[in-house]
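J.: what follows is a predicted protein model with its sequence.
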Amino acid sequence: MAELPPIFVQQTRQLFGDERFERYLQAFSEPAPVSIRLNPQKVDGRQWQVVGAEPVPWCRGGYYLSQRPNFTQDPLLHAGCYYVQEAASMFLDEVLRQQLPIGHCQFSLDMCAAPGGKSTLMRSALPADGVLYSNEPVRQRAAVLAENVSKWGYAHHRVTNVYPRDYRASKLRFDVILCDVPCSGEGMFRKDEATIREWSPQQVDKCWRLQREIVDDAWQCLNPGGLLIYSTCTYNIKENEENVRYFLEHYDCQPVAIDVKPEWHICGSLLPGFDVPVYRFIPGISRGEGLFMAVLRKDGTPRHFGQPKLPLWAAQTPTLGSPNPHVELTYTQAISYLRGEALQLPADSPRGLVDVTFMGHVLGPAKNIGSRANNLYPKPWRIKTTHTQATYSPILIPIT
């Protein structure tokens, strides 16, 4: 592991206190938890079992795995049956379960959504007829977001590639807005050494300013009575408690408390004199990576104003699956398909466009011309692996 910056160590030890900080340091010598979240639209927990797993207590459909498998080699991942997601970030499910406006959540927004973990979680938790806009300003990251949203496969889910200020100007209004803002990444130090090398006090200062700008744009898009969920994957109080205090002082809103269990070991506010409900996950204490979350409710009576004419950039994102006939693949064929190779389908397979499946779940389209099936799996999605496993070690198995 790269050495932690001395100034980070000094500041964070002071923030956490010696005992908590030593437990945090100890986590660097321990294996990081591996967790996935099931897609309830595709995997019914009563019909499928997660191999060697135990539930993530604050997320419906979240599971810790006993070891890290080769996810790339699992066709069910590519079919959108589950999402590999860090467990602490799944706390969003508990927030939505407790605080989602009953009967009043038609439009929601994830302002900084790539790569899509929290967005796909939101879409699963929202009403079936609700609409979720998932936005990512960086084009390359937006493409990854669109891929993951497409594979997740929910209707009424739009991916956009604009800046927060464009949403502010659009006059679109939302009942729930998630601002999982760009941050200095301190909570990812154990998981990603690159974040250690990129960290600096100057980066922290740059981030908290940008975070306030993003939330200011988002606040103008929030309906009265709506929820704004603010989160980072960092520890320092500048990007966390001090920003939340700023929002409470400058916006007409109230902090929202979330019921949590003591055994989850979630830490509250670390800013002296700021006794507001906030939620901080610390490796070595809570079972996950670093996360900070706060929930604010905008003052006013909840009401929906309706959506104006949609901007051109608010396009629907296509999902996997179509009315095409289905053709089931073996494991080896599925991996070949995901690599972009042509297939030889059974002789009795329908000619023309088909959707190829694995264990009943759609992977994508192909064009069967008889002698072979041309692969129509999108090129940017294709996996680069050069071999297939001799045997398939499934993460999900059907319950018989």
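T.: All right, it came through fine. The structure presented is a predicted model; accordingly, all values stated were derived computationally and were not measured. Numbers count the residues shown, from 1 in each chain.

J.: check which helices and strands the longest helix seen in the chain sits against.
T.: Assignment by DSSP state H gives helix 201-219 as the longest helix of the chain. Counting contacts by 3 or more C-beta pairs under 8 Å, 6 or more residues apart in numbering; DSSP states H and E, helix 201-219 is packed against helix 164-170, strand 174-180, strand 222-232, helix 241-250. The C-beta positions use only the backbone N, C-alpha and C, and glycine is treated the same way.

J.: give the rounded mean pLDDT of the second one.
T.: When the per-residue pLDDT values of strand 174-180 are averaged, the result is 97.

J.: could you list the buried residues of the next helix or strand after that strand?
T.: Moving toward the C-terminus from strand 174-180, the next helix or strand (DSSP states H and E) is helix 193-198. By 16 or more other C-beta atoms under 10 Å, the buried positions in helix 193-198 come out as 195-196.

J.: what's the mean pLDDT across helix 193-198?
T.: For helix 193-198, the mean pLDDT works out to 93.

J.: can you give me how far it is from the chain middle?
T.: 21 Å (C-alpha atoms, centre = their mean, to the nearest Å).

J.: all helices of the protein, in order?
T.: For the chain, the helices defined by DSSP H occupy 6-16, 18-27, 75-78, 91-99, 117-125, 139-152, 164-170, 193-198, 201-219, 241-250, 331-338.

J.: any chance of those in a markdown table with distance to residue 322 as columns?
T.: Shown next, in a markdown table, are these (distance: least, C-beta to C-beta, whole Å):
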| stretch | distance to residue 322 |
| --- | --- |
| helix 6-16 | 50 |
| helix 18-27 | 45 |
| helix 75-78 | 16 |
| helix 91-99 | 29 |
| helix 117-125 | 20 |
| helix 139-152 | 12 |
| helix 164-170 | 31 |
| helix 193-198 | 39 |
| helix 201-219 | 35 |
| helix 241-250 | 44 |
| helix 331-338 | 16 |
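
J.: pick the most deeply packed of those.
T.: Mean neighbour count (mean count of other C-beta atoms under 10 Å) peaks for helix 117-125 among the helices of the chain, with a mean of 25.

J.: which strands and helices sit next to that helix?
T.: strand 34-38, strand 82-84, helix 91-99, strand 107-110, strand 131-135, helix 139-152, strand 174-180.

J.: apply 6 Å and report the result again.
T.: Helices and strands touching helix 117-125, by 3 or more C-beta pairs under 6 Å, 6 or more residues apart in numbering; DSSP states H and E, are helix 91-99, strand 131-135.

J.: quick one: contacts of stretch 221-239?
T.: Residues outside stretch 221-239 that contact it (C-beta atoms under 6 Å, 6 or more residues apart in numbering): 12, 99, 167, 173-180, 183-184, 186-188, 204, 207-208, 271, 290-298, 300-302.

J.: give me the mean pLDDT for it.
T.: 97.

J.: ok so, going back, and of the helices of the chain, who's closest to residue 50?
T.: In terms of C-beta to C-beta, the element of these nearest to residue 50 is helix 75-78, at 11.0 Å.

J.: tell me the mean pLDDT over the closest one?
T.: 97.

J.: hang on, the earlier thing: mind exporting the C-alpha coordinates of the longest helix of the chain to CSV?
T.: Provided in CSV are the C-alpha atoms of helix 201-219 (Å, rounded to 0.1, in the frame of the first residue of the first chain):
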residue,chain,number,x,y,z
PRO,A,201,-5.0,19.7,1.1
GLN,A,202,-5.4,21.8,-2.1
GLN,A,203,-7.6,19.1,-3.6
VAL,A,204,-9.8,19.1,-0.5
ASP,A,205,-10.2,22.9,-0.9
LYS,A,206,-11.1,22.5,-4.5
CYS,A,207,-13.6,19.8,-3.8
TRP,A,208,-15.6,21.5,-1.1
ARG,A,209,-16.1,24.6,-3.3
LEU,A,210,-17.2,22.5,-6.2
GLN,A,211,-19.5,20.5,-4.0
ARG,A,212,-21.3,23.7,-2.9
GLU,A,213,-21.7,24.8,-6.5
ILE,A,214,-23.3,21.4,-7.5
VAL,A,215,-25.7,21.4,-4.5
ASP,A,216,-26.7,25.0,-5.2
ASP,A,217,-27.7,24.1,-8.8
ALA,A,218,-29.5,20.9,-7.5
TRP,A,219,-31.3,22.9,-4.8
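
J.: can you list contacts of it?
T.: Contacts to helix 201-219, defined as C-beta under 6 Å, 6+ apart, come from residues 111, 164-165, 168, 177, 179, 181, 183-184, 236, 238-239, 243, 251.
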